[in-house]
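J.: Need a 3D model of the sequence below.
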Amino acid sequence: MAGSAFFFSLMAVFVKLAGRAGVPSMQIVFARCAVMLVLTYAMLWQAGVTSRGVDRRNLFLRGFTCFTALSIFYFALIFIHVWESS
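T.: Alright, predicted model coming up:
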C-alpha cells in the first residue's frame, strides 16, 4: 500500500513537471491511456483472456468514467498547486 501511494505521488510530480514544460493535460492523458492500453492488451494476451468482456455497456461506462476522472485530475494537477489538488 505504501508503494502504491509512493508511485501515485510520483505520477503527480511527473504530470506537474510535464504541465510546466507546456504539455497540454489532454496530451498527457492520451499518452498514459495509450501506454496502459498496450500493457493491458499484452497482459490479457498472455493470460489468454479476451478483451471483449461479457458486459460491454458497463465496460464502456467504466472506461468513460475513468477517462473523465483522469482528465479532471491531471488538469487539476497542472493548474493547481500539488498540495491543494490531492
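
J.: Which secondary structure element of this protein has the lowest mean pLDDT?
T.: Least confident helix or strand, the chain: helix 82-85 with a mean of 63, by mean pLDDT, DSSP states H and E.

J.: Test my guess that residue 25 contacts residue 19.
T.: Yes - the criterion here is CB atoms under 8 Å, and residue 25 meets it with residue 19 at 6.6 Å. Yep, even glycine has a C-beta here, placed from its N, CA and C like the rest.

J.: where do the contact lists of the two overlap?
T.: Taking CB atoms under 8 Å, 6 or more residues apart in numbering as the contact rule, residue 25 and residue 19 both touch 74, 77, 78.

J.: Nearest to residue 66 among those?
T.: Set against residue 66, the nearest of the shared contacts of residue 25 and residue 19 by CB to CB is residue 74 (12.2 Å).

J.: Filter the shared contacts of residue 25 and residue 19 down to the buried ones and hand me the ChimeraX line.
T.: This is how ChimeraX selects the buried members of these, with burial counted by 16 or more other CB atoms under 10 Å:
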select :74,77,78
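
J.: Narrow the shared contacts of residue 25 and residue 19 to those in helices?
T.: 74, 77, 78 (DSSP state H).

J.: Dump these into TSV; add distance to residue 30 and pLDDT as well.
T.: As requested, these are exported to TSV (distance: CB to CB, whole Å; pLDDT from 0 to 100):
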residue	distance to residue 30	pLDDT
74	10	93
77	15	88
78	14	89
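
J.: ok, these vs residue 7, which is closest?
T.: residue 77 (14.7 Å).
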